[in-house]
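>>> Return a 3D structure for these sequence lines:
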Amino acid sequence: MSKLTAAPPAPQAPAPARGGISWRRVFAFPNPVNEYAARITAGLVVLLSVLTLLTGFGWGLAVIAAGFWLRVLFGPRISPLAQLSVKVLTPRLGKTRLVPGPPKRFAQGIGAAVSTAAALLLAVGLAPAAWILLTVLIVAASLEAFAGFCLGCAIFGFLQRRGLIPEDVCEACNNISLRRP
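Have a look, this model is predicted:
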């Protein structure tokens, strides 16, 4: 076969990231997110937080903080509470309402910061301050779980409108035509 009639070379797949690991995939967060799964996860956070507050069990704060960090860093793939809500509880509802993922990740980040601060305050002997922060977390998670109002998402939108979060972080947040029904 001459060079003129030879088939063009097959396209090659992109080379894997260093060491064969795609770090973007490792730290991926879903976009869009099923709002019902997010609300159920928030309800589980409320349950665990109220139990921690009522029992005074300090390790509960560490578990809550670890769960938030797992969700911020890896999405729902590794978090036990998120797995329970995404794989077991939400499918039983049979409902889906897709919302943008970046505001939900931002909200998880706020939860990680508040719960970590509470755990650290408890560890240094400032229990009243730790329990106050846990109460703030319970209020915010309850708004999400029971009223469908994501306080972290509202803060994300406020910061994005002020230009502190670039528009390209969440185009669906800015352009209503990109939102799914």
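
>>> close enough to count as contact, residue 159 and residue 165?
Yes: using CB atoms under 8 Å, residue 159 is in contact with residue 165, at 4.7 Å. C-beta coordinates here come from the backbone N, C-alpha and C atoms, glycine included.

>>> now the helices for the chain?
23-26, 35-55, 59-74, 80-83, 90-93, 101-123, 127-142, 151-161, 171-174 (DSSP state H).

>>> Let me have those helices in a markdown table, extended by mean neighbour count and mean pLDDT.
Output for these, formatted as a markdown table (neighbours: other CB atoms under 10 Å; pLDDT from 0 to 100):
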| stretch | mean neighbour count | mean pLDDT |
| --- | --- | --- |
| helix 23-26 | 10 | 70 |
| helix 35-55 | 20 | 95 |
| helix 59-74 | 20 | 93 |
| helix 80-83 | 18 | 89 |
| helix 90-93 | 14 | 90 |
| helix 101-123 | 21 | 95 |
| helix 127-142 | 18 | 97 |
| helix 151-161 | 17 | 92 |
| helix 171-174 | 16 | 74 |
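
>>> Report the contact partners of the spatially most central residue of the chain.
What sits nearest the mean C-alpha location of the chain, by CA atoms, centre = their mean, is residue 105, with 3.7 Å. Going by CB atoms under 8 Å, 6 or more residues apart in numbering, residue 105 touches 29, 72, 75.
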